[in-house]
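*Asks:* attaching a predicted model along with its sequence, questions to come.
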Amino acid sequence: MPFDRTWLPYLYLYGVGGLFFLAGLIVVLKCGALNLQRPRHRRWAKVLILGFCWYASIHAVGILAATYL
């Protein structure tokens, strides 16, 4: 499968989406809705970031499986 039909949409989806996700986290931190001094807030920040990475990795594994298997 060609790069422009597999990895280019993936890079766009998680690159641009990741920028919006990061911008949203920065806004939440700046307005004080997320206080990283509190343990529960730290835990949810980790859940959000790891969740984004989890979905990106599952998508990447699916692309790899479709390409090479």
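*Replies:* Ah, there it is.
*Asks:* CA atoms for contacts and neighbours, from now on please.
*Replies:* OK.
*Asks:* helix or strand: which one has residue 40?
*Replies:* Here residue 40 sits within helix 39-68, counting by DSSP states H and E.
*Asks:* packing partners for that helix?
*Replies:* Helix 39-68 is packed against helix 3-31, with contacts defined by 3 or more CA pairs under 8 Å, 6 or more residues apart in numbering; DSSP states H and E.
*Asks:* roughly how far does the residue nearest the centre of the chain sit from residue 66?
*Replies:* Taking CA atoms, centre = their mean as the criterion, residue 52 is the residue nearest the geometric centre of the chain, at 3.0 Å. With distances taken as CA to CA, to the nearest Å, residue 52 is found 21 Å from residue 66.
*Asks:* same question for residue 26.
*Replies:* If you go by CA to CA, the gap between residue 26 and residue 66 works out to 35 Å.
*Asks:* check residue 6 too.
*Replies:* As it turns out, when the distance is counted by CA to CA, residue 6 lies 9 Å from residue 66.
*Asks:* could you check which of the two has the larger neighbour count?
*Replies:* For residue 6 versus residue 66, neighbours defined as other CA atoms under 10 Å are more numerous around residue 6 (15 against 11).
*Asks:* hang on, the more buried one packs against residue 63?
*Replies:* Yes: contact criterion CA atoms under 8 Å: residue 6 and residue 63 qualify, at 6.7 Å.
*Asks:* neighbours around residue 23, how many?
*Replies:* 12.
*Asks:* residues contacting it?
*Replies:* Residue 23 makes no contacts at all, as judged by CA atoms under 8 Å, 6 or more residues apart in numbering.
*Asks:* ok, now residue 66?
*Replies:* Neighbours of residue 66 in contact, by CA under 8 Å, 6+ apart: none.
*Asks:* what separation do you get for it and residue 5?
*Replies:* Noted for residue 66: a distance of 12 Å to residue 5, by CA to CA.
*Asks:* same deal with residue 27?
*Replies:* Separation of residue 27 from residue 5 (CA to CA): 33 Å.
*Asks:* the more surrounded of the two?
*Replies:* The residue with more neighbours, out of residue 27 and residue 5, is residue 27; 13 against 9, by other CA under 10 Å.
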